[in-house]
Every structure is written in structure tokens, then in C-alpha cells.
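Chemist: my questions are about this predicted structure, shown below with the sequence.
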Amino acid sequence: MDYIFLWLGTFVLGFWIFKKISQWKNLPPGPWGLPIVGYLPFLDRIICAEGALWKDQRKLITTWLKSFGMSKHSMAREKLETRIASGVHDLIQNVKETSGSTVDLSNMITHSLGNVINDIIFGFKFPVDDKTWCWFRKIQEEGCHEMGVAGVVNFLPFVRLIYPSVQKTIEVLVRGQAQTHRLYASIISRRRQMLGLEMPKKAEYAEHADLFNEHPEGFIKCVKYSKHASNTETHYFDPKVLIASEEECILDNFLVEQKGRYEKGDESAIFMTDEQLHYLLADMFGAGLDTTSTTLSWYLLYMALYQDEQDCVRKEIFSVYPEECQVDCSKLPYLMATICETQRIRSIVPVGIPHGCLQDTYLGNYRIPKGAMVVPLQWAIHMDPNVWDNPNDFKPSRWIDVDGNLLKPPEFIPFQTGKRMCPGDELSRMLSAGLIARLLRSFRIKLASDPPTDEEMQGTVGVTLSAPHTLFVCEAI
């Protein structure tokens, strides 16, 4: 009897192995999965959303951004350019005050760029060196670096109980999210007051029910924390310090849409809760600031390393825009070529955002089964020697055709591609081109110390690929 069960078990196991080999033989090459955990140890930064909620929010964001001027043919584009220019003017003035001394230009850009994004998303700007603004940026920065483990823990929560370092990272991320959501709640409350709107009862976020009772004047407690520090420091945020914008913002549009849906009893009102608003604001702010500021940090570094390329860009800027005016990036092909080359040689999101396969699909001779998660390795695409001649060389001229126009090869996907590509791609281009054109028209950028080593030039991987910390000297022209 034992031999019969042994034979039967061997037959079933052999049949299963044969079946799996038949299924695997047409799959793309990749790492061998481990027992139970499969491929999860090899995956990083997994962000997935689908269904009616995603479609609803995506449609709203795309519509609002286009109405703000994030469209090449929008009537409001000039107004959006003016909003961008105001932030850059502050940056230029701050750099001028350094009188050619060593400056942390990347940090200054993050402040100026961040306030432009604050204006577009929240309808407010923070004062220079405001304590809460510095605190907020620090949380965003540390969170972006720590998010690398979140993917595996989303699928295997018990991992956080096994590895203390993973548990600590998750604590930092959860605490950081809670802290930033509290800040959003305070900003939302003030914006509602300005618009004369009341929060729909069914949209209320229960966890924030007593949020404004922590301080006699309703201020929010902000806790400074770090993964590497045991002590904490607290301060209170007074929303009255915020500088209100008179222009449209994402938050205003959401609050108006929220009110309308709840008043009509629309079924889709469930997509417009305050909790969902917190996540939407976090996504918009984080994606907008982190990716663009990272692009500009790498860009400035490459311009400082390749002075000849900087000269070409500056020559084009002076030729097209000899005086201060609105910047149209389509008239600056070589400037755009240097941005594209920067985004290619140092992919800002080296491991692209994951996608899900909706049906069995073939990619070449490889079968991608339904339900599979597809993670596009942007680094490999942007550094493929079969596509790019000498891919390790910084060569902006590869983006210019014989007629002097900017090339747009399909292999270049810094903002992803398809229905799920970044909805703010045009805004990012406007921010980058507008800032660079005005900065390089006023200053020549040089390194304040020795160039980074080859190892440092590989960058630091978090959600984005951060450039090595570098100090610059900005010589006024």
C-alpha cells in the first residue's frame, strides 16, 4: 500500500513539474522564483491601482491640469508659465545674493520648485525657511529613500516581523504618511474656509475627527522624526502663515467636485472622500516635486561637468530669448536635448512603475500570462547599446536631427507610456525648461569641488535615482 501511495505521489509531482515546464518554456527570461515567496525578493517599489477609482481620479486630474494650462494649445498656458516664472524669479534673486560663493543649488531649486507645485496643487505657498515647510520636505525626502522595501511587505506582511530593519522602515513610512496627512487636513480646512464650503458629512475622515483639538487655536502638531534618531522634536503648524494663491489649484477643484457629487447623491461620491483626497495630494506632490527636482539635480551636475554643452545651451537661450519673457520649450530644441539626455543616461525612475497584464499576451516569442505583473526596467531600455550609440556617453546631439529639430525615439520613456503614463509629463517639461532657461541666462554653473567619483555618479536608488550631493558656484553673467 505504501508503494502505491509513493508511486501515485511521484506521478502527480512529475505531472505537475512537466506541466509547469510546459508553461515556463515560453516565458521571458528572468530570476528563478523561490519557494512560497516566488519573485517577490527581486521586486522593488511596487505601486498598483486599478478599477473605477483609478479611472475616475485619473480623468479628473488630467482634466484639471489641462484647464490650468498643461496643454500645448491651452488658452491658460501663458498663465501657467507666469506661475512657473514667479518661482524661478525667487530662485534667481536668492542665487544673486550669494555673490558667486558656494551654494547648495539643488536645495534652493527644491524650495522654489516645491512652492510652484504647492501653488498648483494646494493653492498656497510656504514662506522661505518656514519650519513646517522644511519639516514637510524632510519627511518626503526620507520617505522616498525608505520606500524600497514596501513592495514585498505589501504582499508578505510577516516579513516586517522577521527583519528589525524592515520593521523600522515600515514604522518610518507609516508615521511619515500619518504626519503629512495631518498637514494636508489643516491645509484642506483653510482652503474650505476660503471657498466658503462645508465638508460633506459622509466624506469625513474618522481618524481626523479630533485633529483640531490639539491646540487652543486649532494648530496641528508636527513631529520631527528620523529612522536614525531616537529623539523627537515637535512644533505646531499655523495655517495662517501660508501665502494664498488667487489662481486655480487641484485642491479647489476637488473640493468643488466633492460637494457637487455628495449633494446630488452620486454613487461616485465614494471616490471623493477626504481620505482619498489625502492620498491624491500626496501622490501629486511627491511625484511632481521628487521627479522634477531629481531631474534638475542631475541636469545641473552634467552641465557643470560638460561646460561645452552648457555653452551650447546658453548660446541657444540668448539667441531665442535675449530678454525676460515667457518660455516656449519647443523653441529651444538643444536645451530640451540636454534634458532628454540627462533623463536617458540617469533614468529618474530606473525601475518603472509596474503594470498588470489583463490577458495572455505575447511579447516577441515570449508569453506574458494574464495577471502577471510587468515591471519595465527603464534603465535597461535607456542604456541599451542596440538602441543608443555609446550609451554611457553624455551626448545631447543624439537628440537633434539634420534639420535641427528634437528627435522623439519610441525607446525614450521617462514618463512611461500608454494609458498609465505620468499625467504631469507636460507640466514637468514646462517646469524644467522654464527654470533652466532663466537660470542659465543669468549664471554659468560650475562645480565648487572635485567631480563625483564614477561610483557616486551611479546615484542612490530610492523611489527615484538621486544624484550625489554637490555644491556649485554660480557666476553671474
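Modeler: Looks like it arrived, so ask away.
Chemist: for residue 57, see how far away residue 133 is.
Modeler: Using C-beta to C-beta, to the nearest Å, we find residue 133 at a distance of 26 Å from residue 57. From N, CA and C alone the C-beta is placed, and that goes for glycine too.
Chemist: can you give me the helices for the stretch 1-150 of the chain?
Modeler: 2-24, 51-68, 77-96, 105-121, 131-146, 150-155 (DSSP state H, counting those that start in this stretch).
Chemist: may I see those helices organised as a markdown table, with distance to residue 415, mean neighbour count and mean pLDDT added?
Modeler: Below are those laid out as a markdown table (distance: least, C-beta to C-beta, whole Å; neighbours: other C-beta atoms under 10 Å; pLDDT from 0 to 100):
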| stretch | distance to residue 415 | mean neighbour count | mean pLDDT |
| --- | --- | --- | --- |
| helix 2-24 | 33 | 10 | 67 |
| helix 51-68 | 13 | 15 | 89 |
| helix 77-96 | 18 | 18 | 86 |
| helix 105-121 | 16 | 22 | 90 |
| helix 131-146 | 18 | 18 | 83 |
| helix 150-155 | 21 | 17 | 56 |
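Chemist: adding distance to residue 282, write these out as TSV.
Modeler: What follows is those, written out as TSV (distance: least, C-beta to C-beta, whole Å):
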stretch	distance to residue 282
helix 2-24	39
helix 51-68	13
helix 77-96	21
helix 105-121	10
helix 131-146	9
helix 150-155	14
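Chemist: okay but residue 106 is in contact with residue 295, surely?
Modeler: No. Between residue 106 and residue 295 there is no contact under C-beta atoms under 8 Å: 11.0 Å.
Chemist: now do the contacts for residue 291.
Modeler: For residue 291, the contact set (C-beta atoms under 8 Å, 6 or more residues apart in numbering) comprises 348-349, 422, 428, 464.
Chemist: actually residue 303, sorry about that
Modeler: Taking C-beta under 8 Å, 6+ apart, we find residue 303 in contact with 309-310, 313, 338, 440, 445.
Chemist: now a PyMOL select for only the buried ones of these.
Modeler: This is the PyMOL syntax for the buried subset of the contacts of residue 303, where burial follows 16 or more other C-beta atoms under 10 Å:
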select buried, resi 309+310+313+338+440+445
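Chemist: so of the contacts of residue 303, which ones are in strands?
Modeler: Judged by DSSP state E, strands contain the following of these: residue 445.
Chemist: need the max-distance pair from the contacts of residue 303.
Modeler: Pairwise distances across those peak at 12.2 Å for 338 and 445 (criterion: C-beta to C-beta).
Chemist: still on that earlier bit, closest one of the contacts of residue 291 to residue 451?
Modeler: Distances from residue 451 to the contacts of residue 291, taken as C-beta to C-beta, are shortest for residue 348 (20.7 Å).
Chemist: which SS state does the closest one fall under?
Modeler: With DSSP: H, G, I helix; E, B strand; the rest coil as the basis, residue 348 sits in coil.
Chemist: which pLDDT value goes with it?
Modeler: Listed pLDDT for residue 348 reads 87.
Chemist: that one reaches residue 296, doesn't it?
Modeler: No. If you go by C-beta under 8 Å, residue 348 and residue 296 don't touch, sitting 10.2 Å apart.
Chemist: mind listing the strands for the stretch 351-477 of the chain?
Modeler: Assignment of strands within the stretch 351-477 of the chain using DSSP state E, counting those that start in this stretch yields the ranges 355-356, 361-363, 366-368, 373-374, 443-447, 460-461, 465-466, 472-476.
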